[in-house]
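Trainee: Next one to model:
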Amino acid sequence: MDTIASFFSFITTPVSWVIVQFHSLYGMMFGPDTGWAWGLSIVSLVVLIRICLIPLFVKQIKSTRNMQVLQPKMKAIQERYKNDKQRQSEEMMKLYKETGTNPLSSCLPILAQSPFFFALYHVLSSIASGKTIGVIDQGLLDSARQAHIFGAPLAAKFLDSSEKVASLNASLTDVRIVTAIMIILMSASQFYTQRQLMTKNVDLTVKTPYMQQQKMLMYIFPVIFAVTGVNFPVGVLVYWLTTNVWTMGQQMYVINQNPTPGSKAQDQYLQRLLKAITTRGEVRSRRKRSVVQAIVAKGPDRNDNERKFVVGLAKSGLAAQPDGTVIKSDTAAAEAEAGAAAKRQQPKRQTKAQRQAGGSQAAGAEKPASDDSEPDAPQAKTSLQKKDEPQDTTSKPSGKPAAGATRQKAKSGQRKGQQRPKHPSKK
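Mentor: Residues are numbered from 1 along each chain as shown. Sure thing, here's the model as predicted:
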């Protein structure tokens with residue numbers, strides 16, 4: 001770690017200068033040798049760096065969304081040219097160029113923070129070794145070595161020996177408890193940040209390998225922080241915990257105010273917007289009008305969340321306009337009610353088992369009775385004959401029965417074909 005930090009020694013002077021300026025400010029409030037003065041100086045350094053990186057963060061958000069949209073096309077290219085890696089790479093670069101997407105944009109904030117992170121690590125390591133660095137002279141060095149955060153010196157590490165910790169006027173138990181708590185908080189904040197992105201701000205209608213990669217990172221990053229955190233000084237842990245908390249809050253704001261289309265966060269945002277519009281009867285802010293305008297411009301290409309939003313406006317008697325405003329419309333309300341009524345009147349779809357059971361019952365009702373029927377079959381046959389066929393009281397001469405009578409008996413369940421006439425004495 002010290003070797004890597006030495007590569008960024010060129011930026012240690014600006015970093016140390018910023019820390020000293022914040023220390024002079026907080027030193028007047030809490031005292032120059034307190035952990036609050038030096039700890040808040042590191043926190044302020046993080047805030048300053050993250051404010052400067054906001055444009056890169058916005059670019060990262062746009063790049064991440066573009067990558068999500070392009071995943072189906074990228075998968076199609078991989079399937080089409082799976083045996084030609086060179087052509088596959090050419091088509092990928094062509095797709096990136098046409099859509100203006102840079103896959104490395106999602107890593108820009110982390111890459112931009114790396115020099116400051118390693119420069120701060122180099123500064124704190126020099127303080128732990130008792131060496132002046134940058135604009136930190138001997139007086140500031142002695143003040144920083146006396147600063148403790150909850151009993152742990154800024155330059156102490158979890159794996160430091162008891163002799164080294166004792167030279168910083170602290171106990172090894174305090175150092176390990178404080179560093180362990182900070183490592184746990186650092187890993188937990190990273191996990192929650194990634195989980196928030198996966199559960200709320202991802203288009204659930206698109207299943208791509210990119211989503212699986214993001215899900216793996218949700219578990220890999222906290223483990224990396226937990227393993228490498230034991231080698232970081234307390235001051236660096238303060239830096240990294242602060243930047244994780246900043247990222248979590250910044251991402252929470254973006255998810256609530258500018259969610260990914262088709263995601264759960266977009267559904268929640270549009271429901272809040274719908275409630276505000278129906279309560280006030282208008283769209284007030286310019287940003288919300290731009291959201292409504294984009295939904296109207298999509299037309300039939302709207303996703304489920306956006307269609308639900310338009311239907312909700314119609315039920316309230318409002319209609320969205322191309323300029324992002326809404327107007328009262330009785331026609332829209334009537335159409336919404338008619339659509340809802342038609343949806344309610346639709347018959348409930350039967351399951352496969354119910355359809356098969358209904359078909360077997362219908363087939364059993366149409367099938368004629370056979371000669372091998374059960375003993376109670378003649379009784380049912382007699383009752384049908386009495387009900388449907390009038391009894392002829394006149395005697396019929398022996399011979400062939402009439403064709404109509406034969407057909408009637410066949411319909412009533414008797415044997416088909418020519419029947420033997422009954423003897424007149426048996427009637």
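
Trainee: Just the element for Ile220, please.
Mentor: If you go by DSSP states H and E, Ile220 is part of helix 209-228.

Trainee: Summarise which helices and strands that helix is packed against.
Mentor: On a contact count with 3 or more C-beta pairs under 8 Å, 6 or more residues apart in numbering; DSSP states H and E, helix 209-228 meets helix 54-80, helix 172-200. Using the backbone N, CA and C atoms, a C-beta is placed for each residue, glycine as well.

Trainee: how about the longest one: buried residues?
Mentor: So that's helix 172-200. Within helix 172-200, the residues scored as buried using 16 or more other C-beta atoms under 10 Å are 172, 174-176, 178-179, 182-183, 186-187, 189-194, 196-197, 200.

Trainee: starting at the chain centroid, how far to it?
Mentor: Chain-centre distance of helix 172-200: 22 Å, with C-alpha atoms, centre = their mean, to the nearest Å.

Trainee: Tell me what angle it forms with helix 209-228.
Mentor: Going by axes from the mean of the first three to the mean of the last three C-alpha atoms, to 10 degrees, helix 172-200 is angled at 170 degrees with respect to helix 209-228.

Trainee: contacting residues around Phe191?
Mentor: Contacts for Phe191 (C-beta atoms under 8 Å, 6 or more residues apart in numbering) come out as 218-219, 221-222.

Trainee: so after the helix holding Ile220, what's the next helix or strand?
Mentor: Assigned by DSSP H and E, the successor of helix 209-228 is helix 234-257.

Trainee: Now that following helix: average pLDDT?
Mentor: Per-residue pLDDT over helix 234-257 has a mean of 88.

Trainee: what angle separates it from helix 209-228?
Mentor: Put simply, helix 234-257 runs at 160 degrees to helix 209-228, going by the same axes, to 10 degrees.

Trainee: Now do helix 234-257: which elements does it pack against?
Mentor: Helix 234-257 is packed against helix 35-52, helix 108-129, helix 172-200, helix 264-280, with contacts defined by 3+ C-beta pairs under 8 Å, 6+ apart.

Trainee: Can you give me the buried ones in that helix?
Mentor: 234-248, 250-252, 254-255.

Trainee: Could you export that helix as CSV, CA atoms only?
Mentor: Extracted in CSV, the C-alpha atoms of helix 234-257 (Å, rounded to 0.1, in the frame of the first residue of the first chain):
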residue,chain,number,x,y,z
VAL,A,234,-8.1,5.5,11.2
GLY,A,235,-8.0,8.7,9.3
VAL,A,236,-8.3,6.9,6.0
LEU,A,237,-11.3,4.9,7.4
VAL,A,238,-12.9,8.2,8.3
TYR,A,239,-12.3,9.4,4.7
TRP,A,240,-13.8,6.2,3.1
LEU,A,241,-16.7,6.0,5.5
THR,A,242,-17.6,9.6,4.7
THR,A,243,-17.4,9.1,1.0
ASN,A,244,-19.6,6.0,1.3
VAL,A,245,-22.2,7.9,3.2
TRP,A,246,-22.1,10.7,0.7
THR,A,247,-22.6,8.3,-2.2
MET,A,248,-25.5,6.6,-0.4
GLY,A,249,-27.3,10.0,0.2
GLN,A,250,-26.5,11.3,-3.3
GLN,A,251,-27.8,8.1,-4.9
MET,A,252,-30.9,8.1,-2.7
TYR,A,253,-31.7,11.7,-4.0
VAL,A,254,-31.2,10.7,-7.6
ILE,A,255,-33.4,7.6,-7.3
ASN,A,256,-36.2,9.6,-5.7
GLN,A,257,-36.0,12.5,-8.1
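
Trainee: Can you give the distance of it from its chain's centre?
Mentor: In terms of C-alpha atoms, centre = their mean, the gap separating the centre of helix 234-257 from the centre of its chain is 20 Å.

Trainee: still on that earlier bit, between the helix holding Ile220 and helix 54-80, how big is the angle?
Mentor: Going by the same axes, to 10 degrees, helix 209-228 makes 130 degrees with helix 54-80.

Trainee: average model confidence for helix 209-228?
Mentor: The average pLDDT for helix 209-228 rounds to 75.

Trainee: Among the helices and strands packed on helix 209-228, single out whichever gets nearest to Val292.
Mentor: When the helices and strands packed on helix 209-228 are compared by C-beta to C-beta, helix 54-80 sits nearest Val292, at 19.7 Å.

Trainee: Tell me who's in contact with Glu251.
Mentor: Small correction: residue 251 is Gln, not Glu. Applying C-beta under 8 Å, 6+ apart to Gln251 gives the contacts 193, 196-197, 201.

Trainee: could you redo the last one with a cut-off of 10 Å?
Mentor: Counting by C-beta atoms under 10 Å, 6 or more residues apart in numbering, Gln251 makes contact with 57, 61, 192-194, 196-197, 200-201.

Trainee: what's the answer for Thr243, then?
Mentor: Applying C-beta under 10 Å, 6+ apart, we find Thr243 in contact with 43, 45-47, 49-50, 53, 109-110, 113, 116-117, 186, 189.

Trainee: SS state for Pro322?
Mentor: coil (DSSP: H, G, I helix; E, B strand; the rest coil).

Trainee: my guess is it contacts Gln293, does it?
Mentor: Yes - using C-beta atoms under 10 Å, Pro322 and Gln293 qualify as a contacting pair, with a distance of 6.7 Å.

Trainee: So which of those two has more stuff around it?
Mentor: Applying other C-beta atoms under 10 Å to Pro322 and Gln293 shows that Gln293 carries more neighbours, namely 16 against 9.

Trainee: Excluding residues flanking it in the chain, which one is nearest the more buried one?
Mentor: Distances taken as C-beta to C-beta, 6 or more residues apart in numbering place Gly324 nearest to Gln293, at 3.6 Å, with adjacent residues excluded.

Trainee: Can you tell me the centre-most residue of this protein?
Mentor: The centre of the chain sits closest to Thr199, judged by C-alpha atoms, centre = their mean, with a distance of 3.2 Å.
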